[in-house]
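Trainee: What would the 3D arrangement of this be:
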Amino acid sequence: MGGTAIVILLALILVALIVLIVVLLRRRQSTPPGGPAPAAPRDPFAAEDEVAGDPRTLKAGDMVEYLGTRYFVRGSVRLREGGFTWSEHLLDADTIEGTKVWLSVEEDPDLEVVWWTGHDIGDLTPGEKTIVVDGVEYRRDEHGTADYTSEGTTGVGLQGRVEYVDYEGPRGRYLSFEQYGGGQWEAGLGERVPTGTLTIYPGS
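Mentor: Below you'll find the predicted structure:
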């Protein structure tokens, strides 16, 4: 009985060794030369960390949720000035009577998403270096002219030129004037969209 037990034990050890060798050989074949490939470097401030979905791909028919309210993207204006491009998206503003709501998306170089609401400019003109609106002081930041094309419903022509004057205020606030095709100046007040407050639902 003792000899039989030893033979069985040796057989089991041999089987275990064969299984171990097979497993090691398979792992070796599946591992690329030089070991596992290192993880690709990535930008810690990349867009996917800031919002749910990529705002750079927004288009008419998509839906966005901001601060608990959902809006449909009705149309988009694509703008280009030299080598610089950005987009402005008109949102369904049924919850805000008589007020246009826009979402602008640009990279300069970091992704910046700003929520805009229309503002009655009254006697305001974009010629001053500083403008005070509702007790907030805005300082003139940029002035230029861009070419644009539009998609869906935007309230502007299919293509043309727009002059803009941008002002910057404290704590991520903005004031912007736009004049499409030499028409009347329109103004909007903007606030930078905080991290994690915007969700994008692509349309069909």
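Trainee: if I've got this straight, Ile13 is in a helix?
Mentor: Yes. The assignment for Ile13 (DSSP: H, G, I helix; E, B strand; the rest coil) places it in a helix.
Trainee: Pick out the least confidently modelled helix or strand of the protein, by mean pLDDT.
Mentor: helix 2-30 (a mean of 73; mean pLDDT, DSSP states H and E).
Trainee: what helices or strands is that one leaning on?
Mentor: Taking 3 or more CB pairs under 8 Å, 6 or more residues apart in numbering; DSSP states H and E as contact, there are no helices or strands that helix 2-30 lies on. For every residue, glycine as well, the C-beta is placed using N, CA and C.
Trainee: Can you give me the buried ones in that helix?
Mentor: The neighbour-count check on helix 2-30 (16 or more other CB atoms under 10 Å) flags nothing as buried.
Trainee: Check the spacing between the residue nearest to the spatial centre of the chain and Val64 real quick.
Mentor: Nearest to the mean C-alpha position of the chain, counting by CA atoms, centre = their mean, stands Pro55 at 3.1 Å. Distance, Pro55 to Val64, by CB to CB, to the nearest Å: 8 Å.
Trainee: go on, Val165?
Mentor: From Val165 to Val64 the distance is 26 Å (CB to CB).
Trainee: So the two - more neighbours on which side?
Mentor: For the pair Val165 and Val64, the greater number of neighbours falls to Val64 (25 against 21), based on other CB atoms under 10 Å.
Trainee: show me the contacts for the more buried one.
Mentor: Val64 makes contacts with Leu58, Arg70, Tyr71, Val73, Leu91, Leu103, Leu198, Thr199, Ile200, Tyr201, as judged by CB atoms under 8 Å, 6 or more residues apart in numbering.
Trainee: re earlier: so what sits against both of Pro55 and Val64?
Mentor: Leu103, Leu198, Ile200.
Trainee: closest to Val156 among the residues you listed?
Mentor: Leu103 (15.8 Å; CB to CB).
Trainee: hang on, that closest one is in a strand, isn't it?
Mentor: Yes. Assessed with three-state DSSP, Leu103 lies in a strand.
Trainee: Next one: Leu10 relative to Ala16, how far apart?
Mentor: When distance is defined by CB to CB, Leu10 is 11 Å away from Ala16.
Trainee: If you count contacts, what does the longest strand along the chain end up packed against?
Mentor: The residue-count maximum for a strand in the chain (DSSP state E) belongs to strand 136-152. With contacts taken as 3+ CB pairs under 8 Å, 6+ apart, strand 136-152 sits against strand 69-81, strand 130-133, strand 159-168, strand 173-180.
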